[in-house]
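**Student:** could you work out the structure for the sequence below:
(chains A and B)
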Amino acid sequence: MTVIEARNLGKVYSGKAAVEDLSFEVQPGSVTGFLGPNGAGKSTTMRLMLGLDHGAGRTTFDGVPFTSLDRPMTHVGALLEAKPFHPTRKARNHLRMLAAANGIAASRVDEVLEQLGLTAVARKKPRTFSLGMGQRLGLAAALLGDPSTLILDEPANGLDPQGIQWIRELLKGFAATGRSVFVSSHLLSEMALMADQLVVIGRGRLIASGPIEDFVRTSARNAVIVRSPQATELADVLRREAAVVEAVQPGVVSVTGLDAARIGDLAFEHRIRLHELANRVATLEEAFLEATQGAEEYQAHQLDEGGRA
Amino acid sequence: MTAALRYEWVRIRTIRSTIWLSVIALVFGVGLSFLIAMGTYFSFRSSQPPRGSDLDGFGPGVATQFAALGAPYFVAYILAMIGVFAWGHEYRHGMIRATLTTLSSRTSAWVAKFLVVGAWVLVVAAVTMLGSVLVGVLWLHGYPVRLMTSATGAAIVRTLVYTLLLTWVAAAFTALTRNQTAALVLLFLWPLAVENVVTLVFTLVPALRPHSDLTRFLPFNAGSRIVNQFDKAHSVFGQPLSLVGALVIFGALTSVGMAASLTLFHRRDA
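**Tutor:** The predicted structure follows:
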């Protein structure tokens, strides 16, 4: 089962670093989500990993660079483009062409077409395909060689909710067989359901990598919500214990820096009545936005009252 | 390398432009020869046919739609577009990334593309020329015209070499520009406009007129001499160029274009 090791990846466009000294690992048996704001360098990183772009650093798949792999599709399945095919080459012919280069039997072409729900359009030209259908054909190509690793750039783009659920199950099932999945997506809620590990980048540099739970746990948005008729009095007590207390609404405060048990004990010791004491866990989106704050390459601004940007 | 050849072989056969360009080349070439042979047949019927020796150049002419006698060989330009599309589709439709994640060796991908496209156009051009000779034979079999002669064979071989080189030049242009529209413009504009304008300038400007023979070194001008058997050359690089001189000049353009395209194919991001 394949371990992907990316070491010191770097890429400069016109004097500007798109990816800078980026290192991470993708372990087999896991879905590793690749997150970053627009322009963070995710697609460039994936192209560097596959030897499509030239730059600094080295990526190996079980110690072997992609460009040295024999029959590469049987090792690494990649989806990098929204519609990576010629619009008038029939879907089945597109896969036959890829299969021919990798010694893959024609029966496998029909198998993946069936698996991806494309049998009915196998002999149709993909120019009529929707974005979602195009993504399915791209995924069929990635899965064609029954590879031990998948590298997918925004595979859920254009898919309907059923398609998104399907791809989630597909990738989780793929990883469950001990194989590696490295997938980028803007759909953070989807990533939260799908990924076990995360690699987060901003402006081409590594921000975080590791288990998704650890990443979310570091968020300042993890808090304990306390509802009390003596909220002001409780806030004073908690602040003396170095907690950060914010008023959420009258009678409700959000507390960070102390866990729920300690807050309960302190309230009890100071004879403060509590109506609610609940942990609030940050979402992946909150943790991501917090981690990448200021690392956006392209920043939008709120409209003013007159509707002007 | 075998993997890349298999990939290219399926690629070239599963794209419609390959088929319609091949059919157009075949219909245009054989059709034109059909009309030439038919016109000759009716001319012979209405008047006394010339003697056999006066028709020695007729076989090469019919086979190559008179390119062997100095006319441009349009079939080669039609087939060269297959070379343009071989690389153009890679960049126009983002296929290059799919190709390079399927093959991984850039050299193999590059070599296979040139070899398969070259083999394809050679076969289509050969069929077109043999078909052209066949329609000539069918129309003129009752007359003392020998179409399948050694001169016809030589014309076919020379025309095949020219077609192959032109296709490779076109493919190299496209790989260099990574834009099939630009490559198509270059393929037609350079020989049809640029070289003709340069020749015209040498003819019209009095100071250049004594040097107008130099235009024989213009690469596409030189390329046409590979096919042309009509004007006999007296030395390799004299006026007109010999077959060897033409091959050296047009072959040099092809080689430089291909070498540059391979170098940049390795250096550039996909």
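
**Student:** what average pLDDT does the longest helix anywhere in chain A get?
**Tutor:** In chain A, with assignment by DSSP state H, the single longest helix is helix A:161-176. Averaged over helix A:161-176, pLDDT sits at 91.

**Student:** and it, what does it pack onto?
**Tutor:** Helix A:161-176 is packed against strand A:31-35, helix A:131-143, strand A:149-153, strand A:180-184, helix A:188-194, with contacts defined by 3 or more Cβ pairs under 8 Å, 6 or more residues apart in numbering or on different chains; DSSP states H and E. Where you see a C-beta, it was placed from the backbone N, CA and C, and this is true even at glycine.

**Student:** out of those, which gets nearest to chain B?
**Tutor:** helix A:131-143 (6.8 Å; Cβ to the nearest Cβ).

**Student:** say whether chain B is contacted by the closest one.
**Tutor:** Yes. Counting by Cβ under 8 Å from any Cβ of the partner chain, chain B has neighbours in helix A:131-143: residue A:141.

**Student:** report pLDDT for the residue nearest to residue A:117 when sequence neighbours are not counted.
**Tutor:** Distance criterion Cβ to Cβ, 6 or more residues apart in numbering or on different chains; nearest residue to residue A:117, sequence neighbours excluded, is residue A:136 at 6.6 Å. On pLDDT, residue A:136 comes in at 90.

**Student:** okay, buried residues for the helix or strand where residue B:21 lies please.
**Tutor:** Per DSSP states H and E, residue B:21 falls inside helix B:16-46. Going by neighbour count (16 or more other Cβ atoms under 10 Å in any protein chain shown), the buried part of helix B:16-46 is B:17-18, B:21-22, B:25-26, B:29-34, B:36-37, B:40-41, B:44.

**Student:** what's the answer for stretch A:99-119, then?
**Tutor:** For stretch A:99-119, by 16+ other Cβ under 10 Å, it's A:99-102, A:104, A:108-110, A:112-113, A:116, A:118.

**Student:** same thing with stretch A:218-237?
**Tutor:** Buried residues in stretch A:218-237 (16+ other Cβ under 10 Å): A:219, A:221, A:223-224, A:226, A:228, A:230-231, A:234-235, A:237.

**Student:** for the residue most central in space within chain A, which non-adjacent residue is closest in space?
**Tutor:** For chain A, the residue sitting closest to the mean C-alpha position, by Cα atoms, centre = their mean, is residue A:33 at 3.1 Å. Counting by Cβ to Cβ, 6+ apart, residue A:33 lies nearest to residue A:195, which is 3.4 Å off, once chain neighbours are set aside.

**Student:** I'd guess residue A:2 is in a strand, am I close?
**Tutor:** No. Counting by DSSP: H, G, I helix; E, B strand; the rest coil, residue A:2 falls outside a strand, being coil.

**Student:** count of residues packed around it?
**Tutor:** Neighbours of residue A:2 under the rule other Cβ atoms under 10 Å in any protein chain shown: 20.

**Student:** repeat that for residue B:56.
**Tutor:** Per other Cβ under 10 Å, the neighbour tally for residue B:56 reads 14.

**Student:** which residues touch the longest helix of chain A?
**Tutor:** By Cβ atoms under 8 Å, 6 or more residues apart in numbering or on different chains, the list of residues contacting helix A:161-176 from outside reads A:29-31, A:132, A:135-136, A:139, A:150, A:152, A:155-156, A:159, A:181, A:183, A:187, A:190, A:193-194, A:196.

**Student:** before we move on, back to that, quick one: closest of the helices and strands packed on helix A:161-176 to residue B:50.
**Tutor:** Comparison of the helices and strands packed on helix A:161-176 against residue B:50 by Cβ to Cβ identifies helix A:131-143 as nearest, at 62.1 Å.

**Student:** among the buried residues of stretch A:218-237, which ones lie close to chain B?
**Tutor:** Okay, of the buried residues of stretch A:218-237, nothing touches chain B (Cβ under 8 Å from any Cβ).

**Student:** strands - which of those residues land there?
**Tutor:** A:223-224, A:226 (DSSP state E).

**Student:** now residue B:170: how far from residue B:75?
**Tutor:** The gap separating residue B:170 from residue B:75 is 13 Å, by Cβ to Cβ, to the nearest Å.

**Student:** so the spatially most central residue of chain B is in which element?
**Tutor:** Nearest to the geometric centre of chain B sits residue B:163, at 2.6 Å (Cα atoms, centre = their mean). Taking DSSP H and E as the definition, residue B:163 sits inside helix B:150-177.

**Student:** same question, residue A:39
**Tutor:** Counting by DSSP H and E, residue A:39 is found in no helix or strand.

**Student:** again with the one 4 residues further on
**Tutor:** Residue A:43 is part of helix A:42-49 when elements are defined by DSSP H and E.

**Student:** quick check: end-to-end length of stretch A:225-235?
**Tutor:** 12 Å (Cα to Cα, to the nearest Å).

**Student:** flag the shaky bits of the stretch 201-309 of chain A, pLDDT-wise.
**Tutor:** By pLDDT under 70, the weakly predicted segments of the stretch 201-309 of chain A are A:295-309.

**Student:** next one: phi and psi at the residue in it that chain B sits nearest to?
**Tutor:** Closest contact between the stretch 201-309 of chain A and chain B, by Cβ to the nearest Cβ, is at residue A:204 (15.5 Å). Here is the backbone geometry of residue A:204 (degrees, to the nearest 10): phi 80, psi 0.

**Student:** that one contacts residue A:39, doesn't it?
**Tutor:** No. In this structure, residue A:204 is not within contact of residue A:39 by Cβ atoms under 8 Å, at 9.0 Å.

**Student:** and the angle from the helix holding residue B:21 to helix B:150-177?
**Tutor:** Orientation check (axes from the mean of the first three to the mean of the last three Cα atoms, to 10 degrees): helix B:16-46 against helix B:150-177 gives 150 degrees.

**Student:** same for helix B:16-46, what does it pack against?
**Tutor:** With contacts defined as 3+ Cβ pairs under 8 Å, 6+ apart, helix B:16-46 has these neighbours: helix B:58-63, helix B:74-92, helix B:106-140.
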